[in-house]
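Trainee: show me how the following folds:
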Amino acid sequence: MLAEALAALAAAGGGAVVQAAGTDAWHEVRARVAELVGRGDAERGRAELERLDRTARALEPGTAAPDREVLRQEGAWQERFTALLESLDGEDRERAVQGLRTLADFVAGASGDTALDTGNAVARDGASAVTGVQRSGGGPAARAVRTGDAEATGTGSTAVSGVINR
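Mentor: This next block holds a predicted model:
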């Protein structure tokens with residue numbers, strides 16, 4: 001596999017870990033990453049679980065400089081996955097590649113929509129405004145983090161800053 005493709009896959013894996021932190025998918029992602037990087041070694045798996053727990057704590061809402069922390073954590077996990085892929089050959093590398101692809105696909109399907117650092121929702125005179133996620137029907141859980149204020153004035157006005165399912 002080309003080096004560029006492996007780098008892109010490692011980046012996707014890092015993004016998936018960060019995207020899943022704090023969601024309903026986290027427990028499953030945590031287990032999959034520990035298994036993938038631990039490669040069947042119980043001690044290595046426990047070490048990865050501890051790293052994952054530190055990642056989740058670092059990304060909890062209310063932490064200082066959240067955008068910088070997201071980038072730092074994505075980069076750290078990209079490096080972990082890159083090191084893993086570079087350390088393997090043949091069938092072992094192909095299994096790891098498939099594991100990362102499956103992880104990224106799982107997170108994409110499980111985490112749903114995310115609204116991050118939205119502005120304020122302001123509606124007046126019967127209008128509607130949404131900053132965040134608005135959708136109809138079911139689907140994976142949606143998440144809104146650090147959304148703005150919502151202000152609705154006037155008869156029939158609605159404003160939502162966060163998630164709305166219709």
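
Trainee: C-alpha from now on. contacts and neighbour counts both.
Mentor: Fine.

Trainee: pLDDT wise, what is the spatially most central residue of the chain at?
Mentor: Residue closest to the average C-alpha location in the chain (C-alpha atoms, centre = their mean): residue 19, at 0.5 Å. pLDDT for residue 19: 89.

Trainee: isn't it up against residue 107?
Mentor: Yes: using C-alpha atoms under 8 Å, residue 19 is in contact with residue 107, at 7.4 Å.

Trainee: quick one on the thing from earlier: can you tell me the helix or strand for the residue nearest to the centre of the chain?
Mentor: Secondary structure from DSSP states H and E places residue 19 in helix 3-20.

Trainee: in that helix, what counts as buried?
Mentor: By 16 or more other C-alpha atoms under 10 Å, the buried positions in helix 3-20 come out as 6-7, 9-20.

Trainee: residue ranges with poor pLDDT in this structure?
Mentor: Applying pLDDT under 70 to the chain flags residues 1-2, 111-117, 135-146, 165-166.

Trainee: how about the strands of it, start to end?
Mentor: Ranges of strands in the chain, per DSSP state E, are 114-116, 121-124, 128-135, 143-145, 150-153, 158-165.

Trainee: the fifth one - contacts with which helices or strands?
Mentor: With contacts taken as 3 or more C-alpha pairs under 8 Å, 6 or more residues apart in numbering; DSSP states H and E, strand 150-153 sits against strand 121-124, strand 158-165.

Trainee: pull out the buried positions in that strand.
Mentor: With burial defined by 16+ other C-alpha under 10 Å, the residues of strand 150-153 counted as buried are 150-152.

Trainee: ok, the third one next?
Mentor: Buried residues in strand 128-135, defined by neighbour count with 16+ other C-alpha under 10 Å: 128-134.

Trainee: swap in the last one?
Mentor: Judged by neighbour count using 16+ other C-alpha under 10 Å, the buried positions of strand 158-165 are 158-163.

Trainee: let me know the angle separating it from strand 128-135.
Mentor: For strand 158-165 against strand 128-135, the angle by axes from the mean of the first three to the mean of the last three C-alpha atoms, to 10 degrees is 0 degrees.

Trainee: who does strand 158-165 pair up with?
Mentor: Strand pairing for strand 158-165, using DSSP bridges, gives strand 128-135 (parallel).

Trainee: state the distance from residue 13 to residue 27.
Mentor: Taking C-alpha to C-alpha, to the nearest Å as the measure, residue 13 falls 16 Å from residue 27.
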